[in-house]
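Colleague: Here is the input, now give the coordinates:
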Amino acid sequence: QVQLAESGGGLVQPGGSLRLSCVASLRPFTPYAMAWFRQAPGKEREFVAAILWSASHTSYSNSVEGRFTISKNNAKNTMYLQMNSLTPEDTALYFCAAKRGKEPYSYWGQGTQVTVSS
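Modeller: Numbering: from 1, shown residues only. Presented below is the predicted three-dimensional model:
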């Protein structure tokens, strides 16, 4: 069973940056894709960014494209989310997710809180 663990969340001022990490416990681990989702209080969970593990193809939601960058380190079984130009609207619990094929994401982390506030 794959376990995902996020880290790197915290409190940051508007305009600031954070880098989130997600480590997969199972080695070797070769998912089809991994992704970041987020959920703000009172709102549904939403897609943020995804990366295909073998091809490094990336995709982003419109709300974060140009500000966030998803990347990975295969050797470390780790996925990252570099978040720049943060705004209060980015405040949410950020989750990493993984899947082995084209089915819905089935492996989820516990989440790391990102709070953007002055």
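Colleague: burial of residue 81, as a residue count?
Modeller: Here the neighbour count serves as a burial measure; for residue 81 (other Cβ atoms under 10 Å) it reads 26. Just so you know, the C-beta spots here come from the backbone N, C-alpha and C atoms, and that holds for glycine as well.
Colleague: If it is in a bridge, with which residues?
Modeller: residue 20, residue 70 (DSSP bridges).
Colleague: Identify the residue nearest the geometric centre of this structure.
Modeller: The residue at the geometric middle of the chain, judged as the C-alpha nearest the mean C-alpha position with Cα atoms, centre = their mean, is residue 36 (2.8 Å).
Colleague: which non-adjacent residue is nearest it?
Modeller: Computed as Cβ to Cβ, 6 or more residues apart in numbering, the closest residue to residue 36 that is not its neighbour in sequence is residue 48, at 4.2 Å.
Colleague: Helices along this protein, start to end?
Modeller: In the chain, no segments count as helices under DSSP state H.
Colleague: just to revisit the earlier point, doesn't residue 72 make contact with the residue nearest to the centre of the chain?
Modeller: No. Checked against Cβ atoms under 8 Å, the pair residue 36 and residue 72 is beyond contact range at 11.4 Å.
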